[in-house]
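*Asks:* here is the input, now give the coordinates:
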Amino acid sequence: MSAVGDAVSKPEFEHPRSRFLTCSWYAYLNLLFVCFLLVIYYFMGGGSFPDYSNYVTIVNNGGYLFSKDEYMTEWVSRFFLSKGLVFFDSADHVVDFFALLVQMFYVLFVFYFGLIKGRVSRRGWFFFTAVLGPLLITTALRASPAYILVAYIAATGGRLNLKFLLLSVLAVSFHDSALILVAVYAASCVIAGIFKSIGSTLYQLLMWCSLALVLLSQQVSYVLFSVVSKLNIGIRSVYFQELPDTSIVKKVFMIVIWVVAYTTIKNIAVQARTKIFVCSSMLLTAISFSLSEVVGIRFALYVLGSCVLAKGAFLFSGQHNSRYRQVDVVIAVAYFCLAFMDILRNAGGA
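*Replies:* Numbering: from 1, shown residues only. As a prediction, the model looks like this:
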């Protein structure tokens, strides 16, 4: 399928009333999931969840975990976490306030810019909450807006314009990791502009290379580690100080992400710029996973959010004539429960 073909492909016609009822159902289920997560978060207390203590340490250290050289961007996150003690009497209250702001951002962006503006299907936002909501609403507070914004940028397949610039700056203002993904998307737009027709064979070749890197991650790490471990990349060097242990669970998770990404490039309604981004970011994720499972998983979450939002599906392609569309909803709900139970398990030991 050519880039031009991808850009102009449209879903099959649906009766307006039927489409409204379907969209409303996904929107209500999405809202139910978000409310459930928020109720549990505030019932248990933010301090019960992973990373909360790290945020408290950051506040007490003046906005940094170890030193001022840790971050290149993250202006918004560091502003609240470094200036909070001016307005609150304890670091815990600062983190609680920051968590509230992030959760408000999630709700406002997903339900206003996502649903009312309609650039992305409500089905897509439901799947986004199902697979990432447990983490973004309870734990990954600084990175949460970055994941949302990068997924939105990639899923809509927009051009390099002022809107892209503003959303990108806002994303990196919350977390440094967004810098790399924003750069990957910008490069995807340039490639899509230069090569007007990109065949599906190239997409699949890149995806199969990514899978090979994931499956052979331990072997690849031996080749790359000796080079990367000598680079001076500031505090991020901590991720590359020793060869990563091979975790079967994390490797299975990476394979699931690969399946989500592979079915995304099979969806004819997904923009060419989005498909290039998915292939490139999946390749980057696979390489990163070989060097550091922590970094690889972090990038994988960007891929996951972008894919489910773009195609409006989880494991399957999301085509409107797919016989597995409703099965995918059941699988996504099961994934939501597993992800949330895993977070609760870690919270119990915090």
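*Asks:* and the most far-flung residue of the chain relative to its centre, what element?
*Replies:* Residue distances from the centre of the chain (Cα atoms, centre = their mean) peak at residue 89, which lies 33.3 Å from the mean C-alpha position. Using DSSP states H and E, residue 89 falls within no helix or strand.
*Asks:* ok, residue 276 - contacts?
*Replies:* Residues near residue 276 by Cβ atoms under 8 Å, 6 or more residues apart in numbering: 188, 191-192, 198, 203. Placement of C-beta: from N, CA and C, glycine included.
*Asks:* inside helices: which ones of the residues you listed?
*Replies:* 188, 191-192, 203 (DSSP state H).
*Asks:* rewinding a little: separation between the residue farthest from the centre of the chain and residue 343?
*Replies:* 29 Å (Cβ to Cβ, to the nearest Å).
*Asks:* likewise residue 58?
*Replies:* 20 Å.
*Asks:* out of the two, which sits in the busier spot?
*Replies:* residue 58 (24 against 20; other Cβ atoms under 10 Å).
*Asks:* how about that one, what does it touch?
*Replies:* 64-65, 81.
*Asks:* try it again with 10 Å
*Replies:* For residue 58, the contact set (Cβ atoms under 10 Å, 6 or more residues apart in numbering) comprises 64-66, 70, 77-78, 81-82, 84, 91, 94-95, 98, 142.
*Asks:* got the phi and psi for the residue farthest from the centre of the chain?
*Replies:* Dihedral pair for residue 89: phi -90, psi 0, per degrees, to the nearest 10.
*Asks:* what's the neighbour count on residue 40?
*Replies:* 18.
*Asks:* that one contacts residue 134, correct?
*Replies:* Yes - between residue 40 and residue 134 a contact is recorded at 9.3 Å, counting by Cβ atoms under 10 Å.
*Asks:* quickly list what's touching both of these two.
*Replies:* Counting by Cβ under 10 Å, 6+ apart, the shared contacts of residue 40 and residue 134 are 340, 343-344.
*Asks:* hang on, the earlier thing: by neighbours, which of the ones in helices among the contacts of residue 276 wins?
*Replies:* residue 188 (24 neighbours).
*Asks:* and that residue, what does it touch?
*Replies:* 154, 157, 160, 271-281.
*Asks:* now do 7 Å
*Replies:* 273, 276-277, 280 (Cβ atoms under 7 Å, 6 or more residues apart in numbering).
*Asks:* output the below-cut-off pLDDT ranges for this structure.
*Replies:* Along the chain, the model assigns pLDDT under 70 to residues 1-23, 67-70, 118, 223-246, 348-350.
*Asks:* which element, helix or strand, includes the residue nearest the centre of it?
*Replies:* Nearest to the geometric centre of the chain sits residue 302, at 2.9 Å (Cα atoms, centre = their mean). Using DSSP H and E, residue 302 falls within helix 293-311.
*Asks:* return the residues in contact with the closest residue in space to residue 311 that isn't next to it in sequence.
*Replies:* Nearest non-adjacent residue to residue 311, counting by Cβ to Cβ, 6 or more residues apart in numbering: residue 318, 3.7 Å away. By Cβ under 7 Å, 6+ apart, residue 318 lies in contact with 267, 311-312.
*Asks:* at 10 Å instead, please
*Replies:* Contacts of residue 318 (Cβ under 10 Å, 6+ apart): 11, 121, 123-124, 127, 263-264, 266-267, 269-270, 307-308, 310-312, 324-325, 328.
*Asks:* next one: phi and psi at it?
*Replies:* The phi/psi pair for residue 318 (degrees, to the nearest 10) is phi 80, psi 10.
*Asks:* what's the burial count for the residue nearest to residue 143 when sequence neighbours are not counted?
*Replies:* Take residue 143 and drop its neighbours on the chain: the residue closest to it by Cβ to Cβ, 6+ apart is residue 175, 4.2 Å away. Each residue near residue 175 was counted by other Cβ under 10 Å, and the total is 24.
*Asks:* residue 175 and residue 146 touch, don't they?
*Replies:* Yes - the pair residue 175 and residue 146 qualifies as a contact (Cβ under 10 Å) at a distance of 4.0 Å.
*Asks:* which neighbours do these two have in common?
*Replies:* What both residue 175 and residue 146 touch, as defined by Cβ under 10 Å, 6+ apart, is the set 73-74, 77, 140.
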